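K.L.:
Here is my input, please return the structure:
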Amino acid sequence: MKYEIMMSLLALALGVNGHCTGCRHRCPARTITKTITKTMAEVVTPTPITPPITPPITPPITPPITSPVTPPITPPITPAADDIPVSSGNRATLTYFTDGTTQCFGTNIPAGNGLAINPLLLGFTTDDWTNIFSNADPSQIPWCGKQMRVTVNGKTFTGTIVDSCNPVGNPFPDPVTGQIIGGKCDYNDVIDLYGQPGLEFLQSVAGDDFYQGSVQWEII
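P.N.:
Below is the predicted model of the structure:
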C-alpha cells in the first residue's frame, strides 16, 4: 500500500533550479511541489508485540507413601534334640510311677524299661519348662526318647525316658487310669522308674520303693 505526501516548499530567490543565482533583482517566490511516494513499510515499522512467556506449571511432587515396616516375629528358640545342659551326675532321688499317659509317648509307651525325669536334673529351668516344654510337641523335647542309665550299689537300670516329672505342677486326671497325675515334683533331682520293672530295681538296691543318695546316672 502506498500513500502520497504533498510537500510544498517555498523557494526563495536563492538557489532554486539555478535561477536568480547572482541576481540582484528580487525573484518572485516560487512554489515547488514534489511528490514523495513511499511504501507503508518504509514509513511505519511496527514494533512486534512479544506475548508474555508463561512458565510451565510444575505439579507438586507427592512423596510415595511408605507402609510402616513391621519387624518379623521371632519364635522362641527351642533347644535341639541333643542340647541337654547336664547329661550326667552322681546324685539323684529315685522313685517309681505307673501312669498310663506320658508326655513323650502319650498312651503308646514303648516296651521295655522306662523312666521319667525332672527337667531341672538336666540343667533346664522352670522358665524353660513353662515357656517351652510344658506343651511342646515331643519331637521338640530334648530328653524324650533318650536312653538313660542309672547305677546304684553296683546295679544298673537302663531304659527310655518316656515322661517328665513336672517341676511346676499342673494336675489332671490320667485318661487311662483315672488317677490324678501331673502334680509338682517333690524333688528337683528325681528319676522315676516306670512300672513293675522299676519297682523291682528299687527294692533290689534299697529294699524300698524310694531311694535318695549316691546315684551314677547319664544320658547315653
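
K.L.:
domains for the chain, by residue range?
P.N.:
2-43, 88-219 (automatic domain parsing).

K.L.:
Endpoints of the longest one, how far apart?
P.N.:
Meaning domain 88-219. The straight-line separation of the ends of domain 88-219 (Cα to Cα, to the nearest Å) is 6 Å.

K.L.:
Give me the below-cutoff pLDDT ranges for the chain.
P.N.:
1-48, 51, 63, 66-82, 171-172, 174-175, 177, 180-182 (pLDDT under 70).

K.L.:
Going by neighbour count, list what's buried in the longest helix anywhere in the chain.
P.N.:
Looking across the chain with DSSP state H, the single longest helix is helix 195-206. Neighbour-count burial for helix 195-206, with 16 or more other Cβ atoms under 10 Å as criterion, is recorded at 198-199, 201-202, 205. No exception for glycine: its C-beta is placed from N, CA and C like everyone else's.

K.L.:
which helices and strands sit right next to the helix or strand just after it?
P.N.:
Going down the chain from helix 195-206, the next helix or strand is strand 211-219, by DSSP states H and E. Counting contacts by 3 or more Cβ pairs under 8 Å, 6 or more residues apart in numbering; DSSP states H and E, strand 211-219 is packed against strand 88-97, strand 147-152.

K.L.:
how about the ones you listed, which one is nearest P110?
P.N.:
strand 147-152 (11.2 Å; Cβ to Cβ).
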